[in-house]
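[1] Got a predicted model here, sequence first, then my questions.
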Amino acid sequence: MTNANNIIKRSIIWSLSVLAVSACSETTAVEQEAQTGTTPTVIQFNNPVIQHKFTADPAALVYRDTVFLYVGHDEAEVGAGFYNMHEWLVFSSTNMVDWHEYPVPLKVSDFSWAKADAWASQAIERDGKFYWYVSVEHASVPGKAIGVAVADHPAGPFKDALGRALITNDMTTATDIMWDDIDPSVFIDDDGQAYLFWGNTRAYYARLKPNMVELDGEIMVIEGLPDFTEAPWIHKRGDWYYLSYAFQFPEKTAYAMSKSIEGPWEFKGILNELAGNTNTNHQAIIDYRNKSYFIYHTGGIQPFGGSFRRSVCVDELYYNPDGTMKRVLMTSEGIQK
Ligand code: FUB
């Protein structure tokens with residue numbers, strides 16, 4: 001009995017010391033190899049990709065073989081019950097692992113007509129200019145609104161392109177809520193026609209004029225997206241259009257596909273499960289250097305991450321031969337160099 005206990009104790013101590021060693025630096029791993037004669041498995045935990053700030057609502061743009069990542073900055077205190085977001089941030093990478101941070105490129109206060117809430121956004125390039133569509137709280141038209149900023153470089157500095165909102169709450173009437181005009185996703189089709197998608201509870205889209213700062217026609221309500229909450233993201237692969245979105249609440253990510261950007265959309269099911277440690281789940285989907293990536297946020301920096309202290313993560317995305325997307329596997333390892 002005593003011997004058996006000793007053996008169990010020794011193996012627990014040995015396992016704990018191996019675990020402690022493998023959690024430490026490369027030098028310690030080398031020491032482990034010398035001491036135990038085993039080759040350590042070096043695992044890089046690369047998610048979340050930004051660790052020194054809380055980041056949310058990712059959007060990404062590939063420009064000249066570099067990925068630019070646009071996020072909102074979560075600044076809520078530990079235990080806060082809602083968002084505290086005043087600015088957006090930009091990072092770039094050429095390997096999806098190491099991210100270079102730029103000076104703060106855009107703040108709510110850069111829009112004279114806005115008063116709060118640097119919520120979800122997306123940027124796009126057209127004719128050498130960069131247009132960044134953002135959600136904010138309007139100062140005089142009650143409710144959320146969408147503004148557009150412009151810059152000559154993907155990392156800014158950006159300035160208000162219009163001096164007023166592009167979309168205000170009174171322009172959409174499919175729901176009475178004050179926050180349905182959020183989460184813009186912008187897309188330029190192969191024929192050069194640009195579109196803006198957005199919404200909360202109801203999903204909307206409108207054509208944009210070539211100047212990217214005026215709507216070209218009426219605002220359309222999208223039907224056929226079950227349990228649409230928010231966060232539409234449009235992308236195209238081959239001749240399929242994909243509309244992914246935050247589904248239910250707390251949010252999973254679901255998606256629909258269509259052969260036309262104007263629909264009808266066919267619901268394809270869940271793409272990403274509940275993050276579990278945050279009630280939102282906001283995605284961006286890009287291709288970069290022959291791989292596809294799913295970029296999202298979780299409350300993954302523990303113990304103080306959560307619904308209002310989120311962190312952007314990246315994992316690979318895979319397609320089936322019929323064009324549908326395989327369910328995302330959220331990992332701690334993320335992308336490996
Ligand atoms: O970050 C504020 C809001 O939470 C975003 O606009 C939504 O997509 C959700 O992530």
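    Arrived safely, thanks for sending.
[2] switch to C-alpha atoms for all contacts and neighbour counts from now on
    Noted.
[3] Report the spatially nearest residue to the most centrally placed residue in the chain, omitting neighbours in sequence.
    Centroid-nearest residue in the chain, with Cα atoms, centre = their mean: Pro58, separated by 2.5 Å. In space, and not counting its chain neighbours, Pro58 is closest to Val71: 4.7 Å by Cα to Cα, 6 or more residues apart in numbering.
[4] which residues touch the one you found?
    55-59, 88-90, 120-121 (Cα atoms under 8 Å, 6 or more residues apart in numbering).
[5] Please repeat the previous calculation with a cut-off of 6 Å.
    Val71 makes contacts with 55-58, 88-89, as judged by Cα atoms under 6 Å, 6 or more residues apart in numbering.
[6] Closest to Lys107 out of these?
    If you rank the contacts of Val71 by distance to Lys107 using Cα to Cα, Trp88 comes first, at 6.1 Å.
[7] related to what we said a few turns ago, so which of the contacts of Val71 are also by the ligand?
    Asp57 (Cα under 6 Å from any ligand atom).
[8] top of the contacts of Val71 by neighbour count?
    Of all those, the highest neighbour tally under other Cα atoms under 10 Å goes to Ala56, namely 31 neighbours.
[9] for that one, which residues make a bridge with it?
    Under DSSP bridges, the beta-bridge partners of Ala56 are Gly72.
[10] need the contact list for it.
    When contacts are counted by Cα under 6 Å, 6+ apart, Ala56 touches 71-72, 297, 310-312.
[11] Can you point out the buried residues in stretch 242-249?
    242-248 (16 or more other Cα atoms under 10 Å).
[12] For it, which outside residues touch it?
    Stretch 242-249 is contacted from outside by 227-236, 252-257, using Cα under 6 Å, 6+ apart.
[13] For that stretch, what does the pLDDT average out to?
    In this model, stretch 242-249 carries a mean pLDDT of 98.
[14] Kindly report the same for stretch 60-68.
    98.
[15] And stretch 172-183, by the same measure?
    98.
[16] separation between the closest residue to Val328 other than its chain neighbours and the ligand?
    Residue nearest to Val328 in three dimensions, not counting chain neighbours: Asn272, with 5.2 Å by Cα to Cα, 6+ apart. Note on Asn272: its distance to the ligand, by Cα to the nearest ligand atom, to the nearest Å, is 14 Å.
[17] near the ligand, which residues of the stretch 51-200 of the chain?
    Contact residues (Cα under 6 Å from any ligand atom) of the stretch 51-200 of the chain with the ligand: 57, 119-120, 182-183.
[18] Do I have it right that Val221 meets Tyr204?
    Yes - shown here, Val221 and Tyr204 form a contact pair, counting by Cα atoms under 6 Å, at 4.6 Å.
[19] Which one's more surrounded, these two?
    Between Val221 and Tyr204, counted using other Cα under 10 Å, the more crowded position is Tyr204 (21 against 16).
[20] Quick check: which element contains that one?
    Taking DSSP states H and E as the criterion, Tyr204 maps to strand 202-208.
[21] Gln336 versus Asn272, what's the distance?
    The spacing between Asn272 and Gln336, counted by Cα to Cα, to the nearest Å, is 20 Å.
[22] Repeat that for Gly72.
    Distance from Gly72 to Gln336, by Cα to Cα: 25 Å.
[23] More neighbours: which of the two?
    Gly72 (28 against 12).
[24] Show the model's pLDDT score for the closest residue to Asp170 other than its chain neighbours.
    For Asp170, ignoring the flanking residues on the chain, the nearest one in space by Cα to Cα, 6+ apart is Val141 at 7.6 Å. At Val141, the predicted lDDT confidence score is 98.
[25] For Val141, grab the count of nearby residues.
    14.
[26] before we move on, what about Glu333?
    16.
[27] same thing with Phe304?
    A total of 13 residues lie near Phe304 under the criterion other Cα under 10 Å.
[28] gap between it and Thr298?
    The gap separating Phe304 from Thr298 is 12 Å, by Cα to Cα.
[29] cool, Thr324 as well?
    For Thr324, the distance to Thr298 - Cα to Cα - is 24 Å.
[30] Likewise for Lys337?
    The spacing between Lys337 and Thr298, counted by Cα to Cα, is 22 Å.
[31] The two: who's more crowded?
    Neighbours were counted for Lys337 and for Thr298 using other Cα under 10 Å; Thr298 has more, 29 against 9.
[32] Please tell me I have it right and the more buried one contacts Arg309.
    No - look at Thr298 against Arg309 with Cα under 6 Å: they stay out of range, at 8.7 Å.
[33] where are the low-confidence patches of the stretch 1-150 of the chain?
    Applying pLDDT under 70 to the stretch 1-150 of the chain flags residues 1-42.
[34] Which residue ranges of it form strands?
    Here the stretch 1-150 of the chain has its strands, by DSSP state E, counting those that start in this stretch, at 54-63, 66-74, 87-93, 100-101, 106-107, 114-116, 121-126, 129-138, 144-151.
[35] how far is the third one from where the chain is centred?
    Using Cα atoms, centre = their mean, to the nearest Å, we find the averaged C-alpha position of strand 87-93 to lie 12 Å away from the chain's own average C-alpha position.
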